[in-house]
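>>> here is the input, now give the coordinates:
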Amino acid sequence: MMKKKLFTPLVAAMMTLPLVGEEEATKTEPIQAEEIAAPAQKLLDEVLSDYRAGHYNSFLKKMDNNYTTANKKWEYNGLLEERKTLSSMVNEYQSEKSDAYKKEVATLYEAQNRELVAICLSHPNEKISREVRDMVFFTPTPHEQESIDFIHNLGHKFKGDGKTPLENQLIRIDIEFWLKGLSLGIAHSQNKMNHDAYQKKYLVLQIEKVKQMQQACEEGDLVDEKTKDYVNTAIEVLPKVHASATTRKYLTALGRGKIAPQNDLEKQLQVVMVKYLEKEETLSTKHFGK
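Down below sits the predicted model:
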């Protein structure tokens, strides 16, 4: 049962565009619409500007100190075991027996997107309509998609799973920032910061993560031109990926009843999302059991 609970959101995450905000999908309590629907591009521009100006340096230093202290006390052992379990589950997902599942769920997403766009075309001036269209019609080039997938897949691997020394270094960086992100999420859930501050700081962690990955790709003996190109390309498309992932997250929250629809358009979108989330769950059970 535990494996199934972990697997279902994992599959959903793997079929959407990643890099930011993935850990928030594990939250189950009701949340406010404005906590999800902040203008993605505006938020990213603001955070990037403040990050480059050094306004988050003290925050990043504090997170480093907290991480080092907790690591020395073995406080992350339980979470690392969960990460190891996720890694083995992804290997199962990527095995040959799951090819049929991946094809069926991709077809499901195509049908879902068609229905979402059809609804939005009847409400062309609504903000959510524009965001849904941008999400659906965001089509990375094959190389951009490979680069996005490469970075995303690092988040489902454990220490030593990499094919090269550089990939293992990138996995180490990903695990570090995954743990820092979870720590930040705990602080948020304990009301130690408001959602706006959490959202910005979480995004800062993602920016710092890919920056460190980029730096790792430049280091002496670890240089691997193919991996370096993947990392640099993924960073270039980060803004569009973030915007698309934010919209998908909002729609999923609608479908799971975590937020209430704000108008008739969102009620229609919610009906579509409920239907397809149920179909996705049925597919998961069909191919991988309960």
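>>> what helix or strand does the closest residue to residue 56 other than its chain neighbours sit in?
What sits nearest to residue 56 in space, not counting adjacent residues and going by C-beta to C-beta, 6 or more residues apart in numbering, is residue 204, at 4.8 Å. Just so you know, the C-beta spots here come from the backbone N, C-alpha and C atoms, and that holds for glycine as well. Element membership of residue 204, judged by DSSP states H and E, is helix 195-216.
>>> ok, back up a step: does the residue nearest to residue 56 touch residue 62 like I think?
No - contact criterion C-beta atoms under 8 Å: residue 204 and residue 62 do not qualify, at 11.7 Å.
>>> more neighbours: these two, which one.
residue 204 (20 against 10; other C-beta atoms under 10 Å).
>>> identify the residues contacting that one.
Shown in contact with residue 204 (C-beta atoms under 8 Å, 6 or more residues apart in numbering): 47, 51, 56, 59-60.
>>> now, these that are in helices?
47, 51, 59-60 (DSSP state H).
>>> show me what contacts residue 112?
By C-beta under 8 Å, 6+ apart, the contact list for residue 112 reads 272-273, 276.
>>> now name the helix or strand holding it.
According to DSSP H and E, residue 112 maps onto helix 99-121.
>>> name the residues of that helix that are buried.
Buried residues in helix 99-121, counted by 16 or more other C-beta atoms under 10 Å: 101, 105, 108-109, 112-113, 115-116, 119-120.
>>> how many neighbours does the closest residue in space to residue 155 that isn't next to it in sequence have?
Counting by C-beta to C-beta, 6+ apart, residue 155 lies nearest to residue 174, which is 5.5 Å off, once chain neighbours are set aside. If you count neighbours by other C-beta under 10 Å, residue 174 ends up with 22.
>>> go on, residue 228?
That count, for residue 228 with other C-beta under 10 Å as the rule, works out to 17.
>>> would you put the C-alpha positions of whichever strand or helix holds it in PDB?
Using DSSP H and E, residue 228 maps to helix 225-236. Extracted C-alpha coordinates of helix 225-236, given in PDB (Å, rounded to 0.1, in the frame of the first residue of the first chain):
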ATOM      1  CA  GLU A 225      30.100  17.800 -22.700                       C
ATOM      2  CA  LYS A 226      26.800  16.000 -23.300                       C
ATOM      3  CA  THR A 227      25.700  16.300 -19.600                       C
ATOM      4  CA  LYS A 228      27.000  19.900 -19.600                       C
ATOM      5  CA  ASP A 229      24.800  20.700 -22.600                       C
ATOM      6  CA  TYR A 230      21.800  19.100 -21.000                       C
ATOM      7  CA  VAL A 231      22.200  21.200 -17.800                       C
ATOM      8  CA  ASN A 232      22.800  24.500 -19.700                       C
ATOM      9  CA  THR A 233      19.800  23.900 -22.000                       C
ATOM     10  CA  ALA A 234      17.500  23.000 -19.100                       C
ATOM     11  CA  ILE A 235      18.500  26.300 -17.400                       C
ATOM     12  CA  GLU A 236      17.600  28.300 -20.500                       C
END
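>>> which element follows that helix toward the C-terminus?
Later in the chain than helix 225-236, the nearest helix or strand by DSSP H and E is helix 238-255.
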